[in-house]
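Undergrad: give the three-dimensional model of this entry:
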Amino acid sequence: MLRFVVVAAVMVGFVTPAWAEFYLVQEASTKKCRIANTKPDGQAMVMIGSEGYESREKAKAAKKAAAECQSETRGSSDATSGDTNSSSE
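TA: Numbers count the residues shown, from 1 in each chain. A predicted model of the protein is given here:
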């Protein structure tokens, strides 16, 4: 039984990162934050935080809280923030 639990825990550890569908990214050249549904390459786009988010809402909340994104103009809607690879809401 213990062996089964250990194997299941290891499998969940490998599968969990695949659940992330949204990433908070920052353009390296402009420093503008965006929500993307592909993991950034680390050069043109840099991931803010250490993980992705399972929903667009959680990514939006992280964008509002991220210190790297605080210098952006307030009051802009998500539709005009230039989200990359965004799906229709």
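Undergrad: residue ranges for the helices of the protein, please.
TA: Using DSSP state H, the helices of the chain run over 2-15, 56-65.
Undergrad: stretch 34-43: which residues count as buried?
TA: By 16 or more other Cβ atoms under 10 Å, the buried positions in stretch 34-43 come out as 34-37, 40. (C-beta placed from N, C-alpha, C; glycine too.)
Undergrad: quick one on the thing from earlier: by mean pLDDT, show me the worst of the helices of the chain.
TA: With a mean of 53, helix 2-15 has the lowest mean pLDDT of the helices of the chain.
Undergrad: which among the buried residues of stretch 34-43 gets closest to E21?
TA: Nearest to E21 among the buried residues of stretch 34-43 is N37, at 5.5 Å by Cβ to Cβ.
Undergrad: my guess is the closest one meets F22, correct?
TA: Yes: using Cβ atoms under 8 Å, N37 makes contact with F22 at a distance of 5.5 Å.
Undergrad: can you show me the CA trace of stretch 27-42 as CSV?
TA: Only the C-alpha atoms of stretch 27-42 are listed here, as CSV (Å, rounded to 0.1, in the frame of the first residue of the first chain):
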residue,chain,number,x,y,z
GLU,A,27,8.3,41.3,-22.4
ALA,A,28,12.1,41.6,-22.0
SER,A,29,12.4,44.7,-24.2
THR,A,30,9.4,46.8,-23.0
LYS,A,31,8.9,45.3,-19.4
LYS,A,32,5.1,45.1,-20.1
CYS,A,33,3.3,42.3,-18.3
ARG,A,34,0.9,40.0,-20.2
ILE,A,35,-1.0,36.8,-19.6
ALA,A,36,0.0,34.1,-22.1
ASN,A,37,-1.2,30.5,-22.5
THR,A,38,2.2,29.2,-23.6
LYS,A,39,5.3,29.1,-21.3
PRO,A,40,7.7,31.9,-22.1
ASP,A,41,11.1,31.2,-23.7
GLY,A,42,13.0,33.2,-21.1
